[in-house]
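Peer 1: What follows is a protein structure lacking sequence information:
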Ligand SMILES: [Zn+2]
């Protein structure tokens, strides 16, 4: 067995990195997780930390980078990550990376999508309000359709062009300094994120071999 693959997947909203993380998880047989999912799982577990997270989130507040790192650390101590893991979109700022001191990615894959393309994709987006899964109208889904989980998919109220543009700008401002640091360590692979899901997947696999 070669060294464990510890893949950090970065990309703006609409880059399809969640989809790519799921495909890599199946193919490489290593678990993939996003911070949102880890926080929801921890909250649902009813642990002391989980109850604290639940209070923060239900109060409409953001979980601090310290607490997020604590949750990630607990997840990375579980045996199923022995052969590696895929971090979907975390850390995505220098502040978050500064708390992520207990492990280090072996590959930082940056899925790059031009702003116009991100805007177009996010404009046609439906989100399940129960599980958070995202669907695309261009795949034939419509508001009110049922999600796999039984929930209902709707357009998020913050998926307006102005709100999308603002989120993309924040991504650039927060993530580029982080990419620069990982780049200095030789970990960064930039992936062209325009194309089919399969094309992008193949680019990622190729870049993992480098
Ligand atoms: Zn759902």
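Peer 2: Perfect, I can see it now. Note that the structure is predicted; figures quoted are calculated from it, not measured.

Peer 1: and stretch 9-25, average pLDDT?
Peer 2: Averaged over stretch 9-25, pLDDT sits at 93.

Peer 1: Next, the buried residues of it.
Peer 2: 9-18, 20-21, 23-25 (16 or more other Cβ atoms under 10 Å). In short, each C-beta sits where N, CA and C put it, glycine included.

Peer 1: For the ion, state which of these is nearest.
Peer 2: Ranked by distance to the ion (Cβ to the ion), the buried residues of stretch 9-25 are led by residue 18 at 13.2 Å.

Peer 1: I'd say the closest one and residue 88 touch.
Peer 2: Yes. With contact defined as Cβ atoms under 8 Å, residue 18 counts as touching residue 88 (5.9 Å).

Peer 1: Show me the common contact partners of those two, please.
Peer 2: Common neighbours of residue 18 and residue 88 (criterion: Cβ atoms under 8 Å, 6 or more residues apart in numbering): residue 34.

Peer 1: Next step: the buried residues of stretch 9-25 restricted to strands.
Peer 2: If you go by DSSP state E, these have 9, 10 in strands.

Peer 1: Contact residues of this structure facing the ion?
Peer 2: Proximity of the chain to the ion, by Cβ under 5 Å from the ion, involves residues 128, 130, 131, 133, 147, 149, 151.

Peer 1: Pick the one among those residues closest to residue 114.
Peer 2: Closest approach between these and residue 114, by Cβ to Cβ: residue 133, at 24.9 Å.

Peer 1: which one is the closest one nearest to, not counting chain neighbours?
Peer 2: Excluding its sequence neighbours, the residue lying closest to residue 133 (Cβ to Cβ, 6 or more residues apart in numbering) is residue 147, at 5.8 Å.

Peer 1: Over to residue 54?
Peer 2: Using Cβ to Cβ, 6+ apart, the nearest residue to residue 54 is residue 43, at 4.3 Å.

Peer 1: wait, isn't the one you found in contact with residue 50?
Peer 2: Yes. Contact criterion Cβ under 8 Å: residue 43 and residue 50 qualify, at 4.7 Å.

Peer 1: Compare neighbour counts for the two and give me the winner.
Peer 2: A side-by-side neighbour count of residue 43 and residue 50, using other Cβ atoms under 10 Å, places residue 43 first with 21 against 17.

Peer 1: tally of neighbours for residue 75?
Peer 2: Look at residue 75: counted by other Cβ under 10 Å, it has 19 neighbours.

Peer 1: one step back: can you say which of the residues of the chain next to the ion are buried?
Peer 2: Buried among the residues of the chain next to the ion by 16+ other Cβ under 10 Å: 128, 147.
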